[in-house]
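> Show me how the following folds:
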Amino acid sequence: MKQKILLITALVLMLTYGCKTEQIDTDLLKNKEVAVVYHKLNPADIDAILSDNFIGRNEKSRHTWNRDDHRTYLSNGDFKVDTIFSQVAEGDWVATRFARKFILNGDTVMFEAMHFKRFENGKIAEIWEYGDTQQ
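I've put the predicted structure just below:
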């Protein structure tokens, strides 16, 4: 009888742990998918992917931006395209290594950068941006 109780307890624990692991994996995949949508640079996606209290930060200039600033940046009509090289997700964070190509004062500019995106409830709440702007 004791063995049956131990066996049932072990099975319940394994199933519980397995379900939690599956949920974590699902959340990580969803967060990575949202990060990919972010890098499509479509202003129409902003409300769906950025939280109301979103803040972005750039390490070099200490520049910060919010959701409306981001919408303005994406809507200014200038050509911009991101190419994602790799993404890694853990917990509430997704790290994305990418290149951004855009037009600045008539010149084509390209730089590589890393974004560390923190998620809340399936939306990006914070971005830390680290870029190679030494051209």
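
> where in this protein is pLDDT low?
Counting by pLDDT under 70, the chain contains low-confidence ranges at 1-24, 61, 133-135.

> Would you map the helices across it?
For the chain, the helices defined by DSSP state H cover 2-38, 46-49, 67-75.

> which residue packs closest to Y38, ignoring adjacent ones?
For Y38, the nearest residue in space outside its immediate sequence neighbours is I49; the separation is 5.6 Å by CB to CB, 6 or more residues apart in numbering. The C-beta positions use only the backbone N, C-alpha and C, and glycine is treated the same way.

> so that neighbour sits right up against V34, yeah?
Yes: shown here, I49 and V34 form a contact pair, counting by CB atoms under 8 Å, at 5.1 Å.

> what do those two both touch?
Between them, I49 and V34 share these contacting residues under CB atoms under 8 Å, 6 or more residues apart in numbering: K123, I124.

> Let me see the contact set for V94.
If you count contacts by CB under 8 Å, 6+ apart, V94 has them with L28, N31, K32, V34, A35, Q87, V88, H115, F116, K117, F119.

> Longest strand in the protein, please.
Using DSSP state E to define each element, the chain has its longest strand at strand 107-120.

> So which elements touch that strand?
Here strand 107-120 is seen to pack against helix 2-38, strand 93-104, strand 123-132 when contacts are counted using 3 or more CB pairs under 8 Å, 6 or more residues apart in numbering; DSSP states H and E.

> Mind doing that once more with 6 Å?
Contact here means 3 or more CB pairs under 6 Å, 6 or more residues apart in numbering; DSSP states H and E; on that basis strand 107-120 packs against strand 93-104, strand 123-132.

> quick check: angle from it to strand 123-132?
Angle of strand 107-120 versus strand 123-132, following axes from the mean of the first three to the mean of the last three CA atoms, to 10 degrees, is 140 degrees.

> CA atoms only for strand 107-120 - export them in CSV, please.
Provided in CSV are the C-alpha atoms of strand 107-120 (Å, rounded to 0.1, in the frame of the first residue of the first chain):
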residue,chain,number,x,y,z
ASP,A,107,22.8,57.7,-46.7
THR,A,108,22.2,54.0,-46.1
VAL,A,109,23.4,53.1,-42.6
MET,A,110,23.7,49.6,-41.1
PHE,A,111,24.6,48.6,-37.5
GLU,A,112,24.5,45.5,-35.4
ALA,A,113,22.8,45.6,-32.0
MET,A,114,21.5,43.5,-29.2
HIS,A,115,18.1,44.0,-27.6
PHE,A,116,17.3,42.6,-24.2
LYS,A,117,13.5,42.6,-24.0
ARG,A,118,11.6,42.0,-20.7
PHE,A,119,8.1,40.8,-21.0
GLU,A,120,5.0,41.3,-18.9
